[in-house]
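**Student:** have a look at this fold, sequence not included:
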């Protein structure tokens, strides 16, 4: 009979097993039967090849190599074997030999390395505190009834040695953000396994500093940004791990004496829609917030850890949202299920049924959701979201989405570390990734095969860079504060005062987002590196087979690769199935269509495969020459537009007015939308807009005599702005608390208090005179 003291822990262990095994399913149903059989086959193979010896559990996986990945991989294999033992229909369900093998593996690792006396290595994540112990503890709860008290005590003592509770004493260093949640998760699982109320109390209380919005360093910010490693936009990797950890912890702790309560709980739930949902589009988790994670893919070195890039992590995030939804309000749960169902339905690249790495538990959750007629899939929300703190922007128009990745004095050019993402140099230099019905664009081996000097949207010096240039862990930030913009939630003016990584490059870059276009301007482009400087209009992966049709000014180009061409006065180009590009003043457009080769190990020496990969690309760029001074560019991206629509836009010259494109100011007007959008890099003006300090200004006139002016300080340093709009204004209808009206009548002048330094957009609504 279970004692009253042990009862809460037994219930928690049951919940934990349910998390690992998923909701109930029919093991004979074909969709499950195949996966379960495959799981059993893998587990049997692991058992057959396991050969415990000094220094390893499996041959070729020495504990002391690979930053602890081989140790973690061993525990993950034991976890897989335990899942196959617990799931019905695997062919090895309840198999005694399999169970004995798992216990033998646990004991071997404990006796040889992971115990209460071993010396903690420098590589703490896999080795001791997160990766290895979490996989081990999952394995233990699945075989709990076979462990025995003595083995449980040994395992708990090993975890206590690896993760002392003093790790939670201070919220600093490695114990922040996602890492702190991981520590709490490990500690809570140790508490549940070992019936320790003390461990669970420490785990719950250790979460307290994670929830409040931060104003510097690691964590969630009020604008929805998430930063880890002090300078890296990391919503899609560390942030996703944090959310998954909270989903697990809330599930384990709810309804117990250690339940997480208070305002922090709701702040955590709010991050789902405020921070995470914007960066998932049609089943893709965009690379702009994945840091060095973009370099991870399947390995050819026997360490089988990494999912399909972009889509696998997105599906893991979706599963976390669904699990967390069970701990949320009924309204949140229903809404989140509709969001996830929409993502799953629209993912054209990696269907749930086709993801070989989807665990049974998450697969069951997704199948149940997709089969549930009471849940309507929700569409992608149109509009714009700015994340000033982490220098990111997200824009959605009808049927398309764009993600802008910038850097500043507080956000790094890129992150490398642990031999990962060694060539991500320019991913924060104005990279503009976009999707128009092609959710696999950046998923299918894009990162190891794309030209790392020619990422879409960037302006770069072609100076050769070393692997890991600038240092590891987001060490290098540009010496500029201007990165951000202003938005009304539908349109946006965004800019970056660009600096080159280990380069003398300088450029002022602006993006003006509308319903069907991104208007891209560049000015003040200069460098002295002795090499050409280029602006990459785009770099599209083409897919297998014959290249899609590319037309430049109506002239079809070759569809067999390779070919390259220079078009001295191009007005427009269109790539079939992708989109169109318009050059309002004409441009010397260069195009290269080629097959490129690469290996994941080129950009990830830790877990990257050595297998050679071939992918085809169409690269369009503007060459500013060697050591340019005051070069400029102007082009318009039309996602999803075909050749006819692109040509029509190019011929309709008055739809767009470029008000300024110079080092001090950039701005556009789109009369049909009543839109004026301006980035002022210094005190000055563009069109009818002026400001006494650097600012982004967006003006919308609705055609009925009303207008709204939106203003932000992207530098987050001005303290106050005085803005003038030289249009007659009869009266001010409303304004934000930070706005103080100074003048109306022949023009509008107002002051904006930006001392909060958060880059937020402020609004004033007026009636025109």
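**Tutor:** The structure has been received and is ready for your questions. Model, not experiment: these values are computed from the prediction. Numbers count the residues shown, from 1 in each chain.
**Student:** going forward, measure contacts between C-alpha atoms and count neighbours the same way
**Tutor:** OK.
**Student:** so what pLDDT did residue 65 get?
**Tutor:** Model confidence at residue 65, given as pLDDT, is 73.
**Student:** have a look at the protein and report its longest helix.
**Tutor:** Of all the elements of type helix in the chain, the one with the most residues (DSSP state H) is helix 30-49.
**Student:** what helices or strands is that helix leaning on?
**Tutor:** Packed against helix 30-49, as judged by 3 or more C-alpha pairs under 8 Å, 6 or more residues apart in numbering; DSSP states H and E, are the following elements: helix 69-86, helix 96-112, helix 360-370.
**Student:** what is the least confident helix or strand in the protein?
**Tutor:** Across the helices and strands of the chain, mean pLDDT, DSSP states H and E gives its lowest value to helix 124, namely a mean of 71.
**Student:** residues making contact with that helix?
**Tutor:** With contacts defined as C-alpha atoms under 8 Å, 6 or more residues apart in numbering, helix 124 is touched by residue 130.
**Student:** just stretch 619-630 next, same as before
**Tutor:** Judged by C-alpha under 8 Å, 6+ apart, the contacts made with stretch 619-630 from elsewhere in the structure are 454, 523-540, 587-593, 631, 633, 663.
**Student:** which ones among those map onto strands?
**Tutor:** When the contacts of stretch 619-630 are checked against strands using DSSP state E, the ones located there are 523-526, 532-540, 587-593, 631, 633.
**Student:** just the buried ones from those residues, in PyMOL syntax?
**Tutor:** The following PyMOL command selects only the buried members of the ones in strands among the contacts of stretch 619-630, with burial defined by 16 or more other C-alpha atoms under 10 Å:
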select buried, resi 523+524+525+526+532+533+534+535+536+537+538+539+540+587+588+589+590+591+592+593+631+633
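**Student:** after the least confident helix or strand of the chain, next one along is what?
**Tutor:** Next in sequence after helix 124, counting helices and strands by DSSP states H and E, comes helix 131-142.
**Student:** helices or strands up against that following helix?
**Tutor:** If you count contacts as 3+ C-alpha pairs under 8 Å, 6+ apart, helix 131-142 packs onto helix 7-21, helix 69-86, helix 177-193.
**Student:** pLDDT averaged over it - what is it?
**Tutor:** Helix 131-142 shows a mean pLDDT of 94.
**Student:** over to stretch 497-509?
**Tutor:** Stretch 497-509 carries an average pLDDT of 98.
**Student:** what segments of the stretch 201-350 of the chain are helices?
**Tutor:** 240-253, 263-271, 311-325, 330-346 (DSSP state H, counting those that start in this stretch).
**Student:** quickly, which of these bottoms out on average pLDDT?
**Tutor:** Across the helices of the stretch 201-350 of the chain, helix 311-325 has the smallest mean pLDDT, namely a mean of 90.
**Student:** run the chain-centre distance for that helix.
**Tutor:** The offset between the C-alpha centroid of helix 311-325 and the centroid of the whole chain comes to 13 Å, using C-alpha atoms, centre = their mean, to the nearest Å.
**Student:** quick one: end-to-end distance for stretch 453-462.
**Tutor:** Criterion C-alpha to C-alpha, to the nearest Å; first-to-last residue distance in stretch 453-462 is 7 Å.
**Student:** give me the contact list for it.
**Tutor:** Residues from elsewhere that reach stretch 453-462 (C-alpha under 8 Å, 6+ apart): 426-427, 429-433, 500, 503, 505, 507, 527, 529, 531-539, 619.
**Student:** could you redo the last one with a cut-off of 6 Å?
**Tutor:** The set of residues that contact stretch 453-462 without belonging to it, under C-alpha atoms under 6 Å, 6 or more residues apart in numbering, is 429-432, 532-539.
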